[in-house]
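Participant: got a structure for you, letters missing:
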């Protein structure tokens, strides 16, 4: 009998890329019996062998922290699996209850949550307290887990070394089939951004940069993702030069990148983003696109070592525009940058390598 595994989330969508498309599918391929519990308004069977158990989609944060978490716990107990793998810090109390039932528990840490507590919806006087509370909870309850899975080496450093595995959120190398896309030289002058839309994710600067580019040559910025910071950001999506496509599933993201000429990620230098490892940077590379990226440590290491794009100050639209114009005007060099980026993903920055780390973590448990 294969070992039964339950993965749980109350925050992410049921078909989250890391949780469903990478970890759950890889565990099924490794012979585990996998059930995923999470919120969704619809369900579909993608044929990958992952069993799905839906809980209701919360209408607000309060409902998520009460009703949704309760539903996740009841479903988890009913599954009666051997290993429980959870993805949200708010599920730590559930994890401890499952430990008391004799279950093995894995905590998958996607972000430095202590840093992300400094959010707009938390009153400023309480942000520091919230940050310290999360760090204390992770330090205490993390030691009770059977394994910590960290999305980056920096996150792993926050936890006990002997019980922590690094499983980086690199793209699946088979997801972006560039042979099926348009030849690079025949593509429209499209700059693609994939991810949530917000001021701190560079929406204002990207929109201003594409306006400056259009003063020199026609180009369009296509945004694939949900708006998370309201009408202030939405105002920058107006006009013919910027098109907000809304949320796209994985197949439509692949199609978008196969049409584009440039991938862009110009996050602001916040405590969470500056040391981060954005998956979208590597996805652009996997799709064979040259990149324009913030000049942050991880981005710099990848871009300079592979020669796959141009680094910019993300707070300066003129510098972003200059980088975009250079790539649009130097098509042959831009195409070669994209080729080098894809080769780097195939050789190093791919999920297939990280899946081995995930399976090793399970073997350790």
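Facilitator: Okay, I see it. If you're wondering where the values come from, they're calculated on a predicted model, not measured in any experiment.
Participant: Could you verify my assumption that residue 18 touches residue 169?
Facilitator: Yes: checked against CB atoms under 8 Å, the pair residue 18 and residue 169 is within contact range at 5.3 Å. To be clear about C-beta, it is placed using only N, CA and C from the backbone, and glycine gets the same treatment.
Participant: quick one: residue 75 is in a helix?
Facilitator: Yes: under DSSP: H, G, I helix; E, B strand; the rest coil, residue 75 falls within a helix.
Participant: neighbours of it, just the number please.
Facilitator: 17 (other CB atoms under 10 Å).
Participant: Residue 192 too?
Facilitator: Residues within reach of residue 192, counting by other CB under 10 Å, total 25.
Participant: ditto for residue 146
Facilitator: As a burial measure, residue 146 scores 17 neighbours (other CB under 10 Å).
Participant: next one: residue 310
Facilitator: 20.
Participant: Find me the pLDDT at it, would you?
Facilitator: At residue 310, the model reports a pLDDT of 98.
Participant: which residues does it contact?
Facilitator: Applying CB atoms under 8 Å, 6 or more residues apart in numbering to residue 310 gives the contacts 290, 291, 292, 293, 303, 323, 326, 327.
Participant: now these in CSV, with secondary structure and neighbour count?
Facilitator: Output for the contacts of residue 310, formatted as CSV (DSSP: H, G, I helix; E, B strand; the rest coil; neighbours: other CB atoms under 10 Å):
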residue, secondary structure, neighbour count
290, coil, 29
291, strand, 27
292, strand, 29
293, strand, 26
303, helix, 23
323, helix, 23
326, helix, 14
327, helix, 24
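Participant: any idea which of those residues is closest to residue 110?
Facilitator: Nearest to residue 110 among the contacts of residue 310 is residue 293, at 20.3 Å by CB to CB.
Participant: now the residue nearest to the closest one when sequence neighbours are not counted, what's its secondary structure?
Facilitator: The shortest distance from residue 293 to any non-neighbouring residue, by CB to CB, 6 or more residues apart in numbering, is to residue 299 (4.4 Å). Following three-state DSSP, residue 299 is assigned to helix.
Participant: start to end distance for stretch 142-151?
Facilitator: Using CA to CA, to the nearest Å, the span of stretch 142-151 from its first residue to its last is 15 Å.
Participant: Show me what counts as buried in stretch 77-94.
Facilitator: Of all the residues in stretch 77-94, those buried under the rule 16 or more other CB atoms under 10 Å are 77, 79, 81, 83-92, 94.
Participant: Need the distance between the two termini of that stretch.
Facilitator: Note: stretch 77-94 ends 10 Å apart using CA to CA.
Participant: Numbering from 544 from now on, please.
Facilitator: Okay, using 544 as the starting number, the last item reads as stretch 620-637.
Participant: model confidence over that stretch, on average?
Facilitator: Here stretch 620-637 scores 94 as its mean pLDDT.
Participant: hmm, who's touching that stretch?
Facilitator: Contacts for stretch 620-637 (CB under 8 Å, 6+ apart): 546-555, 559, 562, 566, 578, 580, 596, 607-608, 612, 615-616, 619, 638, 641, 644, 646-651, 653, 656, 677, 680-681, 684, 692, 905, 908.
Participant: Inside strands: which ones of those residues?
Facilitator: Using DSSP state E, 547-551, 578, 580, 596, 647-651, 692 are the members of the contacts of stretch 620-637 that sit in strands.
Participant: Of those, which pair is most distant in space?
Facilitator: It's 596 and 692 that sit farthest apart of the ones in strands among the contacts of stretch 620-637, by CB to CB, at 20.9 Å.
Participant: These two - which one has more neighbours?
Facilitator: When residue 596 and residue 692 are compared for neighbours, residue 692 comes out ahead with 24 against 19, by other CB under 10 Å.
Participant: which neighbours do residue 561 and residue 712 share?
Facilitator: Shared contacts of residue 561 and residue 712, counting by CB under 8 Å, 6+ apart, come down to 653, 694, 822.
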